[in-house]
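Enquirer: 3D, please:
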Amino acid sequence: MLVREAMTSPVVTVSPDATVRQAIRVLYEHNITAAPVVDDSGAMVGIVSEMDLLRGEFAADPRAFARPVAGPHEPPPRLVRDVMITDVRTAQPTTDVAELAEMMMRTAIKSVPVLDGDTLVGMVSRRDLMAVLARGDARIRDDVLSALAELMPGGHDWTAEVTDGVVRLSGPAGDENARHIAETIARTVPGVTRVLLEEPA
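Expert: This is a model prediction of the structure:
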């Protein structure tokens with residue numbers, strides 16, 4: 001499965017000149033945890049997350065302490081450009097989702113912008129990956145059979161059973177090339193985690 005099949009598009013973005021409070025409202029209203037920062041020319045110049053925006057926004061409440069608490073020595077940053085991350089990990093639309101998921105788990109990154117060349121075309125979050133895996137087995141089975149019927153000769157001769165995203169394919173005997181093609185097609189269907197080829201009877 002490719003990133004373009006899991007990404008969210010169009011992308012919610014913020015300007016580097018937006019205030020921190022404006023960016024907080026954008027993330028909150030769109031129920032997202034991060035947004036690419038895009039300048040007036042449309043180029044992505046960074047990314048800003050909930051944690052970047054929350055840093056320094058809350059003053060200590062004196063009711064929570066036995067003795068007076070000193071206020072911050074400096075005011076918190078006011079613009080997105082002051083808090084955004086400029087060293088951004090990105091993906092391409094043709095990146096393998098499995099590769100991207102592994103990188104996100106290894107680095108604890110929650111959201112990754114998707115670039116086609118220099119153009120921002122999508123965003124992949126952990127929630128997007130969860131949505132793919134949450135697809136029901138019956139829907140995955142129907143999608144696998146539809147893809148086989150559409151993309152390969154004799155595709156209607158194949159059957160599929162799906163359990164927790166694992167597809168068991170069964171088809172005509174004697175054609176190893178066709179079996180390989182069927183397995184490859186099934187693996188491209190969103191929600192498929194593994195494909196097993198059953199031996200023909």
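
Enquirer: host element of the residue nearest the centre of the chain?
Expert: The residue lying closest to the centre of the chain (Cα atoms, centre = their mean) is Val124, at 2.2 Å. Secondary-structure assignment from DSSP states H and E places Val124 in strand 119-125.

Enquirer: ok, then the element right after that strand?
Expert: Immediately after strand 119-125, counting by DSSP H and E, sits helix 126-133.

Enquirer: contacting residues around the residue nearest to Arg187 when sequence neighbours are not counted?
Expert: Nearest residue to Arg187, sequence neighbours excluded (Cβ to Cβ, 6 or more residues apart in numbering): Val195, at 5.3 Å. C-beta here means a position set from N, CA and C on the backbone, and glycine is covered the same way. For Val195, the contacting residues are Val166, Val167, Leu169, Glu183, Ala186, Arg187, by Cβ atoms under 8 Å, 6 or more residues apart in numbering.

Enquirer: distance check, the last one against Val144.
Expert: Separation of Arg187 from Val144 (Cβ to Cβ, to the nearest Å) stands at 10 Å.

Enquirer: who's more crowded, the two?
Expert: More crowded of Arg187 and Val144, by other Cβ atoms under 10 Å: Val144, with 26 against 15.

Enquirer: that one is in contact with Ala186, isn't it?
Expert: Yes - counting by Cβ atoms under 8 Å, Val144 does reach Ala186; the two are 5.0 Å apart.

Enquirer: tell me, what's touching these two both at once?
Expert: Ala160, Val167, Leu169, Val192.

Enquirer: quick one: which of the residues you listed sit in helices?
Expert: Cross-referencing the shared contacts of Val144 and Ala186 against helices under DSSP state H gives no overlap.

Enquirer: any idea which of those residues is least confident?
Expert: Lowest pLDDT within the shared contacts of Val144 and Ala186 is found at Val192 (89).
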